[in-house]
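3D model of this:
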Amino acid sequence: MPLVVLCGLPGSGKSRRAEELREALRGEDRQVHVVVDETGGRAALRTEVERRLNRRDVVIVDAGNELKSFRYELYCVTKQAGTPHCLLHCVGGAPHPPAAPFETPDSRNRWDRPLFIVHGQEPLPLADIRAALFESRPPPPNQSTRSQPLQSSSFLHQLDRVTQEVLAAVLAAQSSGLQAGERIQVAGASEGLVLSRPVGMAELSRLRRQFISYTKMHPSDENLSQLANMFLQYLSRSIQ
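Model prediction:
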């Protein structure tokens, strides 16, 4: 059943809206599950969403979801599950440093639509949300979201090479005397990485394996040129 992704800054009312949606969307034969962003980070959040999605219930993601890359990951989860989804942007609040910059949803992006925007105390557009969730056909799984563990040797080769290069750059930067809070830049990537603490080879290798496992299950030609940026974002989210 459908997925509702909330996004917005801290203090924008996401949790209150999640409770409103829970009451409005539950039915006699339908439960509504609210998944919250806890200490496990985005990887744990995505895993819980995948676990909760089924053919009967509604799942609401009560989290900042400030990165468009993570909203895209959730979009891929819904495509693979064959279920509709929508995005609810709660406007307001204020950023809490050192949180990642909030990337405002854009309905021109397929992973950000259908997009509903609410300000302050204004009522939720419940009729439109219900129509998006219960009256629209889910997009069919496509090449980018079907499970294809061995579909492309070139994709797997580039995934292995790029993640190795990122790890080498991170380790080299730390060996050269990088200070906490300084930005690590990787050749060919527009994203950077700022570490708040030293990170060893064992931890980096574990995170690399996790990223590779997830990316293998969601291969896409669209992602090919963005692998380094995606891995750097994953490291940034995972290293606390």
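
from here on, contacts and neighbour counts on C-alpha atoms
Noted.

Report the separation between residue 63 and residue 178.
Noted for residue 63: a distance of 32 Å to residue 178, by C-alpha to C-alpha, to the nearest Å.

who has more neighbours, the two?
The residue with more neighbours, out of residue 63 and residue 178, is residue 63; 22 against 16, by other C-alpha atoms under 10 Å.

For residue 205, give its distance to residue 199.
10 Å.

any idea which helix or strand carries the residue nearest to residue 207 when sequence neighbours are not counted?
Nearest residue to residue 207 in three dimensions, chain neighbours excluded: residue 235, at 7.1 Å (C-alpha to C-alpha, 6 or more residues apart in numbering). Under the criterion of DSSP states H and E, residue 235 resides in helix 227-238.

in that helix, what's buried?
Neighbour counts using 16 or more other C-alpha atoms under 10 Å place 227-237 of helix 227-238 among the buried residues.

and which of those is nearest residue 28?
residue 237 (37.9 Å; C-alpha to C-alpha).

how about the closest one, what does it touch?
Taking C-alpha atoms under 8 Å, 6 or more residues apart in numbering as the criterion, residue 237 is in contact with 41-42.

pLDDT value on it, please?
On pLDDT, residue 237 comes in at 78.

Quick check: the gap between it and residue 45.
12 Å.

Show me what the longest helix that the chain contains is packed against.
Ranked by residue count, the top helix of the chain under DSSP state H comes out as helix 153-175. Counting contacts by 3 or more C-alpha pairs under 8 Å, 6 or more residues apart in numbering; DSSP states H and E, helix 153-175 packs against strand 183-185, helix 201-217, helix 227-238.

buried stuff in the first one?
The one in question is strand 183-185. Buried, per 16+ other C-alpha under 10 Å, within strand 183-185: 184-185.

Mind listing residues that contact that strand?
169-170, 173, 191-195.

Put together JSON lines for these, with neighbour count, distance to residue 18 and pLDDT on each row.
Formatted as JSON lines, these follow (neighbours: other C-alpha atoms under 10 Å; distance: C-alpha to C-alpha, whole Å; pLDDT from 0 to 100):
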{"residue": "169", "neighbour count": "16", "distance to residue 18": "41", "pLDDT": "93"}
{"residue": "170", "neighbour count": "23", "distance to residue 18": "38", "pLDDT": "93"}
{"residue": "173", "neighbour count": "17", "distance to residue 18": "42", "pLDDT": "92"}
{"residue": "191", "neighbour count": "17", "distance to residue 18": "31", "pLDDT": "85"}
{"residue": "192", "neighbour count": "16", "distance to residue 18": "33", "pLDDT": "88"}
{"residue": "193", "neighbour count": "19", "distance to residue 18": "32", "pLDDT": "90"}
{"residue": "194", "neighbour count": "17", "distance to residue 18": "32", "pLDDT": "89"}
{"residue": "195", "neighbour count": "19", "distance to residue 18": "32", "pLDDT": "88"}
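
State the pair within those residues that is farthest apart.
173 and 191 (15.2 Å).

show me what contacts residue 174?
residue 198.
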